[in-house]
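Asks: dropping a prediction and its sequence here:
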Amino acid sequence: MRALLKEWLSETGYRVHATTSLDVHRGSPADLVIVSVYMPRHAGAQFVRKVQATHPGTPLIAISGQFLPGLSANGAIAQTLGVQQVIAKPLTRIGLLGAVRAIIGTPESVKTPKGERM
């Protein structure tokens, strides 16, 4: 799943760094974090809080096979998790790119902290 998301975003022009470890990029600036959430016993919410602590103030998209298709992208579950968007798996390229654009804009509009184009 990580490789597919990276491919979709990179082909569209976004600069992507995929990782399995939160500690690898502690403190590194990110425009957006996409996190795959496994939901049993509130583990998903705990994981999202860890990501938020690692990347404070960075918008998050949570994806999960536990989310129901047709779920409101920014409804009650997104608010409960504290994320900007939720996406149900299986997801589509169009759905993912639409969510990313809604939060951070197109690749041309995304800037690094130094004002360099990403």
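Replies: Arrived safely, thanks for sending.
Asks: okay, helices next: where are they in this protein?
Replies: Counting by DSSP state H, residue ranges of the helices within the chain are 2-12, 43-54, 76-81, 93-104.
Asks: to residue 61, which of those helices lies closest?
Replies: The closest approach between residue 61 and any of the helices of the chain, judged by CB to CB, belongs to helix 93-104 at 5.6 Å. Any C-beta I mention is one placed from the backbone N, CA and C, and that applies to glycine too.
Asks: dump the helices of the chain to TSV, plus mean neighbour count and distance to residue 32.
Replies: Supplementary listing: the helices of the chain in TSV, determined by neighbours: other CB atoms under 10 Å; distance: least, CB to CB, whole Å:
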stretch	mean neighbour count	distance to residue 32
helix 2-12	14	9
helix 43-54	15	11
helix 76-81	16	14
helix 93-104	17	5
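Asks: which of those sits closest to residue 33?
Replies: helix 43-54 (5.7 Å).
Asks: now the closest one: how far from the chain's centre is it?
Replies: For helix 43-54, the separation from the chain centroid amounts to 12 Å (computed by CA atoms, centre = their mean, to the nearest Å).
Asks: do stretch 52-64 as well
Replies: For stretch 52-64, the distance to the chain centre is 7 Å (CA atoms, centre = their mean).
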